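I would like to see how this sequence folds:
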Amino acid sequence: MTDANVQLLLDRADISQVIHTYATAIDTRDWDLLASCFTEDLEADFRSFGGREVVTGRDTWVAAIKSTIEGLDATQHLTANHVIQVDGDTGRLIAYLQAVHRLNGAKSDPEYTIGGYYTCDMVRGGDGWRMRRYALQVSWHRGNRDILRQAQRRLAK
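Residues are numbered from 1 along each chain as shown. As a prediction, the model looks like this:
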C-alpha cells in the first residue's frame, strides 16, 4: 500500500469521525464539542427541514441548534453509509441520517423522527478536519413535529 493510499484511509476515518462527534455532541448536549466540528465561517443549510435561509457562523449555528433541542428530553442522531471524497485539504462527506427527537409529556405523540442525508464540505486545518458548509436534505419524517415548539416553550418558562 502506498503512502497516498494510507493517507486517504486516514482522511476518510477522520472525516467520518467529525460527523460521529457532531451526533454525539448534539445528543449529549455538549455545545463546545459541537462547535469543534465546524469552521468559524460555517454555512448551514437546513431549508429542507424548515429553515428560512442558510445560517452563517459557527456560534450562530450552535446557538440555533441549542435553542431547537435543549428542551427535549432526548435525541438520537444516527449516521451511516458515509461516502467520502478527498482532494488535498478539502473533502466532501455524504452521510445518511436518522434522528429521533423525544419530549416526555408531549401533547399527543412524544416523538418526531426525520430521515435524510447530510452533505458536508470539509476542510483540513491545523486542528484536523472540520465542516465548512453542510446541508440537511430531509427525505421523510414521521411523528409529531410540534414537540420541537413544545420543547422551546418549556425552556421559556
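
make it CA atoms for all contacts and neighbour counts henceforth
Noted.

For this protein, which residues score under the pLDDT cut-off?
Scanning the chain with the threshold set as pLDDT under 70 gives no residue ranges.

in it, which spans are strands?
38-45, 55-56, 74-87, 90-102, 111-125, 128-143 (DSSP state E).

Minimum distance to L9: which of the ones you listed has it?
Nearest of the strands of the chain to L9, taken as C-alpha to C-alpha: strand 74-87 at 9.9 Å.

strands paired with the closest one, and their directions?
Partner strands for strand 74-87, per DSSP bridges, with pairing direction: strand 90-102 (antiparallel).

the inter-axis angle of the partner strand versus strand 111-125?
Strand 90-102 and strand 111-125 are oriented at 160 degrees to each other (axes from the mean of the first three to the mean of the last three C-alpha atoms, to 10 degrees).

buried sites along strand 90-102?
By 16 or more other C-alpha atoms under 10 Å, the buried positions in strand 90-102 come out as 90-102.

ok so, going back, would you reformat the strands of the chain as JSON lines and include distance to Y22?
Output for these, formatted as JSON lines (distance: least, C-alpha to C-alpha, whole Å):
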{"stretch": "strand 38-45", "distance to Y22": "9"}
{"stretch": "strand 55-56", "distance to Y22": "17"}
{"stretch": "strand 74-87", "distance to Y22": "9"}
{"stretch": "strand 90-102", "distance to Y22": "12"}
{"stretch": "strand 111-125", "distance to Y22": "12"}
{"stretch": "strand 128-143", "distance to Y22": "10"}
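
For A4, which of these is the nearest?
Among the strands of the chain, the nearest to A4 by C-alpha to C-alpha is strand 74-87 (11.4 Å).

That's all I had, so thanks and see you.
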